[in-house]
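S.K.: coords please:
(one chain, ligands or ions: 1)
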Amino acid sequence: MPDWPIHLIVPLLALLIVSKKETQKYILLLLPLAVIPDFDTFATQHRALLHNIFIPLMLLLFGLVIKEYRTIFIIASVYIASHVVLDMFGGGVALFYPVHNGMAFVDASLAMSKTNELLWTLDYGFREYGAGWETAYGYISDSIGTGAMVFVFLAGMCVAYRKWRGI
Ligand SMILES: [Zn+2]
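M.R.: I've put the predicted structure just below:
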């Protein structure tokens with residue numbers, strides 16, 4: 001399942017690619033929202049309470065109605081929605097909680113066998129919300145994720161150094 005570095009880096013990169021320069025400060029300030037859904041680990045409904053489609057839709061709706069904060073609400077919606085989608089590819093989420101408790105999931109992978117055959121897996125649908133999720137706690141970072149964060153941190157340091165030196 002995705003750990004926090006993936007949850008942070010993927011939407012950050014996507015938002016920075018599509019954003020205008022004046023919105024980049026909001027993208028950086030709102031970055032912690034990308035991991036907020038995992039705080040439902042402390043509730044009894046992990047992968048349900050904060051891992052559903054209704055929270056990003058509500059934020060999007062606020063963005064459409066409240067014009068002066070539109071950018072902020074849309075960025076917040078993208079961060080939460082990206083977390084939900086990534087977890088859907090990593091075990092599943094109760095996408096329509098509390099209306100429907102089924103875990104929406106997508107398993108999509110491509111692997112190579114020892115005989116150089118490509119093994120494509122694609123499965124999707126709903127499965128029952130397992131009791132295991134109620135007691136599960138979020139994986140913050142595995143070793144690869146930590147390495148990825150170090151890589152991004154070093155890139156950020158390079159940008160800060162270039163700005164400081166004016167080069
Ligand atoms: Zn999660």
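S.K.: in this structure, which spans are strands?
M.R.: 103-112, 118-127 (DSSP state E).
S.K.: Among the ones you listed, which comes closest to the ion?
M.R.: strand 103-112 (12.2 Å; CB to the ion). C-beta here means a position set from N, CA and C on the backbone, and glycine is covered the same way.
S.K.: What parts of the protein come near the ion?
M.R.: Pro37, Asp38, Asp87 (CB under 5 Å from the ion).
S.K.: These into CSV, with extra columns for distance to Asp142 and neighbour count?
M.R.: CSV is the format used below for these (distance: CB to CB, whole Å; neighbours: other CB atoms under 10 Å):
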residue, distance to Asp142, neighbour count
Pro37, 18, 27
Asp38, 14, 22
Asp87, 15, 23
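S.K.: Looking at those residues, which are in helices?
M.R.: Asp87 (DSSP state H).
S.K.: With pLDDT and distance to Val18 as extra columns, can I get the residues of the chain next to the ion in a markdown table?
M.R.: Below are the residues of the chain next to the ion laid out as a markdown table (pLDDT from 0 to 100; distance: CB to CB, whole Å):
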| residue | pLDDT | distance to Val18 |
| --- | --- | --- |
| Pro37 | 93 | 22 |
| Asp38 | 89 | 25 |
| Asp87 | 94 | 22 |
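S.K.: so what's Tyr26 up against?
M.R.: Listed by CB atoms under 8 Å, 6 or more residues apart in numbering, the contact set of Tyr26 reads Thr71, Ile72, Ile75.
S.K.: mind checking which of the strands of the chain is nearest Ser19?
M.R.: Shortest distance between Ser19 and the strands of the chain, using CB to CB, is found for strand 103-112: 26.6 Å.
S.K.: Tell me which residue of this protein is furthest from the middle?
M.R.: Thr115 (34.7 Å; CA atoms, centre = their mean).
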